[in-house]
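**Student:** Model the structure of this input:
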Amino acid sequence: MASLGNLFMGLALVAALVSIGSLVWGRKLGVKEGEGLTNIGYLATFGILIGTTLSITILTSAFLQEDFTFQYVAQHHSTDVSPLAWLYKFAAVWAGREGSLLFWAWLLAMFAAFVAYRRMSVTDDVSNMSLAVLNFVQIFFLTALFIPLNNPFKLSPDAWLGPGGELLIRGGMNPLLQHWAMTLHPPTLFVGYAGLAVPFAFAIGALIVNDPSERWVEIINRIAVFSWLFLAIGIGLGAIWAYVVLGWGGYWAWDPVENASLLPWLTGVGMLHSFTVYRRRGGFKKWSVMMAVVTFVFVILGTFITRSGVVQSVHAFQEDPLSLWWFLGMMVGCLLAGIIGVMIRSESFKGADEFESLTSKDAAYYFNNVLMLVAAVAIAALTLLPAFGGRTYGPATYDAIARPVGILYVFIMAVCPLLGWRRTEGSAFFAKLKWPLVSTAVLSVGLIALWWTVMWPHRLYDNPEANPFTSIVYTYEAIAGLVVGALAISVAVYLFVVGARNRAAAKGEGFATALARIVTKARTQSGGYITHLGMGIIIIGLVGSGMFVKDVTLSIENEPGSEFEIGGYEFRFLGFEEETLPNNDHVTRLLFDVYRDGRKTGTAQPSQVRYFLQDQTRLLVSVIVEPLRDVFVVFEGIDQAGNIQMNVKINPLISWVWVGFGVTVVGTSLAAWPRRRRDAA
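**Tutor:** Residues are numbered from 1 along each chain as shown. Below is the predicted model of the structure:
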């Protein structure tokens, strides 16, 4: 079966070469003479999908059957015995570098096949060349799979297996990966990564055929939104996993691999807004091309960071010098293709980029692009600096950049819909801004009250001797973040209210009906407003959960009835529970009743699992969720004196991050929802 897997990967590689050759030669022959070859190029694209599908099916089947003759299966099979064991068997396919690359190649083949299916009846020049570029990218991934360290179909050494095919060595999936969020985190990221190859391919395709019209953007706009959405979902799921699995109480540590997924998300924001200007105004043509290129380059950079070993990370795979040069070459080649193409086609892709005022909508889009690009480049530089002999920067440095940049971005995002194209008339702008300002003031008062009562006491308690200047900056950043978040929420709600009122008056509909029609009919615009609403909620949650966490490590007596108090919560120790699972994994669980103001808020059950086969311990945190804060409890072990070592965190407003994330997903999903009619040729 392993040989078949390699054979099907090889056939997919041949199909990619055939497709590229047919599409390029067909264009050279002309529309009529080259039609047959062009069609072969489209059909060969489906062949790539067939080959990669058969390969990944073989690998998946090997995991389901626990066929340890596959070295990859022996190293990454799941040993879980919970009700989710079946899910982890599937998730093991992308748990390591080899399977994740094959999974990515398969997803890329699916996107290419979708493009081929949608454009085969048209076979216009820009679609033909873009499909060729997309399949050229596929060649890099398929070829990388034949590098020994990347091949998922390597056979296990004979010494690993018994006479009946049983596994003689200890191994299996990292227990930290056996969580529902982590089973979904990689595939959603990979969908985003693979999908962002499509805007890149069409941007290069448009340069090749010298087509500066908005057609290429219209063809791929919803694919771009869809891909950016899945990238965002992947990042969010990774944050949830980090919060509840790793045991440190946070959800973003500025780890190099975490940064790798954030970079294309940031530039993707600029890319999508550039596409909007391209489609509506015929502007930002070069911006659109280069943001599509840079976004995909950052996707490859993420692969480079994760698989090359060039930067140390707890999430990175084994170092592979060949992959380092392979993906570095791919990254440089993609970037040069975009830069040289834009230089050659500079005159053709000159757009209507001028704006008469810095307070216009055009200017807001421009500043958005610059801000996202600069932020991404700065984070990439800080992340890669250790690889070139530079110092390693910690979370404090990243936070010092991210906080003001994030606040400024959300402010621009909030105000942009109220601005006019090219120039904003002051009277019209303030007429629109009046009610959002009133709403912002009301919300801000409530949020600042929460800051004073729920967040700031933790800061004072944990930092009684903090530098006064630092405290002032901290204070103003927090208040600014809360006010800007309130503004984003207010503007989004205002736009829906005004839009529904105007439609109700024009169509004679009720307010609720008009609002529903706006949401369902103008999906792109409504989805954008809902996304802005979600971002406003997120930034409020980030202020509380990122800046005002109470973090206490303590030791308590190992006696039922032991009590302690943290942040207004009283904890009463009830005792231990121990359990040995059928696979010999051992669970130790502590029980605490938790009270606030004399009222029981819940029972905390922090645990530890000792995994028998992996010889590894995992912390199972316990989280009591309330609207204004989470109580995060970790059992860290027993010291030599027999006392229980605990870590307790009070995380203000962290639920707002998850709610805002959900609202953002809903808004972006609405914007990405396909039209009823197919895109025009």
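
**Student:** So which residues of the stretch 101-250 of the chain form helices?
**Tutor:** 125-144, 180-195, 197-209, 215-245 (DSSP state H, counting those that start in this stretch).

**Student:** Give me the neighbour count for the closest residue in space to Pro652 that isn't next to it in sequence.
**Tutor:** Nearest non-adjacent residue to Pro652, counting by CB to CB, 6 or more residues apart in numbering: Gly544, 3.7 Å away. The way it works is simple: take the backbone N, C-alpha and C, and place the C-beta from them, glycine included. If you count neighbours by other CB atoms under 10 Å, Gly544 ends up with 27.

**Student:** show me what contacts Gly544?
**Tutor:** Taking CB atoms under 8 Å, 6 or more residues apart in numbering, we find Gly544 in contact with 450-451, 454-455, 629, 651-654, 656.

**Student:** What of Ser526?
**Tutor:** Per CB under 8 Å, 6+ apart, neighbours of Ser526: 496, 518-519, 667, 670-671.

**Student:** ok, 10 Å please
**Tutor:** Under the criterion of CB atoms under 10 Å, 6 or more residues apart in numbering, the contact list for Ser526 reads 492, 495-496, 499, 515, 517-520, 667, 670-671.

**Student:** give me the element it is part of.
**Tutor:** helix 523-547 (DSSP states H and E).

**Student:** which parts of the following helix or strand past that helix are buried?
**Tutor:** Of the helices and strands lying after helix 523-547 in sequence (DSSP H and E), the nearest is strand 550-556. In terms of neighbour count (16 or more other CB atoms under 10 Å), strand 550-556 has its buried residues at 550-551, 556.

**Student:** Distance to Ala206 and pLDDT for these - can I get that in CSV?
**Tutor:** Listed next are the buried residues of strand 550-556 as CSV, based on distance: CB to CB, whole Å; pLDDT from 0 to 100:
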residue, distance to Ala206, pLDDT
Lys550, 53, 90
Asp551, 51, 90
Ile556, 65, 91
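
**Student:** Nearest to Val269, out of the residues you listed: which one, please.
**Tutor:** Minimum distance to Val269 across the buried residues of strand 550-556 is 31.5 Å, recorded for Asp551 (CB to CB).

**Student:** who's that closest one bridged to?
**Tutor:** Lys649 (DSSP bridges).

**Student:** do the one 4 residues further on as well
**Tutor:** When bridges are assigned using DSSP bridges, the partners listed for Ser555 are Gln645.

**Student:** Name the nearest residue to Gly51, ignoring sequence neighbours.
**Tutor:** Ala12 (2.9 Å).

**Student:** so what's the backbone phi/psi at the one you found?
**Tutor:** phi -60, psi -40 (degrees, to the nearest 10).

**Student:** Would you enumerate the residues in contact with it?
**Tutor:** So Ala12 contacts 44, 47-55, 105-106, 109, 138-139, 141-142, 145 (CB under 10 Å, 6+ apart).

**Student:** which of those count as buried?
**Tutor:** 44, 47-49, 51-55, 105-106, 109, 138-139, 141-142, 145.

**Student:** Adding distance to Gly568, write the buried residues of strand 550-556 out as JSON lines.
**Tutor:** Output for the buried residues of strand 550-556, formatted as JSON lines (distance: CB to CB, whole Å):
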{"residue": "Lys550", "distance to Gly568": "10"}
{"residue": "Asp551", "distance to Gly568": "15"}
{"residue": "Ile556", "distance to Gly568": "18"}
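
**Student:** any idea which of those is closest to Ala604?
**Tutor:** Ile556 (12.7 Å).

**Student:** Where does pLDDT dip in the stretch 551-681 of the chain?
**Tutor:** Scanning the stretch 551-681 of the chain for pLDDT under 70 picks out the ranges 675-681.

**Student:** Show me where it has its helices.
**Tutor:** Counting by DSSP H, counting those that start in this stretch, the helices of the stretch 551-681 of the chain are 654-672.

**Student:** Surely Trp248 is in contact with Pro395?
**Tutor:** No: if you go by CB atoms under 10 Å, Trp248 and Pro395 don't touch, sitting 11.2 Å apart.

**Student:** re earlier: quick one, which of the helices of the stretch 101-250 of the chain is packed in tightest?
**Tutor:** For those, the largest average neighbour count (mean count of other CB atoms under 10 Å) is found in helix 197-209, namely a mean of 26.

**Student:** any idea how far Gly51 is from Leu17?
**Tutor:** Here the criterion is CB to CB, to the nearest Å. By it, Leu17 lies 12 Å from Gly51.

**Student:** List the residues that are in contact with both of the two.
**Tutor:** Residues touching both Leu17 and Gly51 by CB under 10 Å, 6+ apart: Leu142.

**Student:** before we move on, the earlier item: and the helices of the stretch 101-250 of the chain as TSV, adding mean pLDDT and distance to Gly171?
**Tutor:** Formatted as TSV, these follow (pLDDT from 0 to 100; distance: least, CB to CB, whole Å):
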stretch	mean pLDDT	distance to Gly171
helix 125-144	95	24
helix 180-195	92	18
helix 197-209	97	33
helix 215-245	94	20
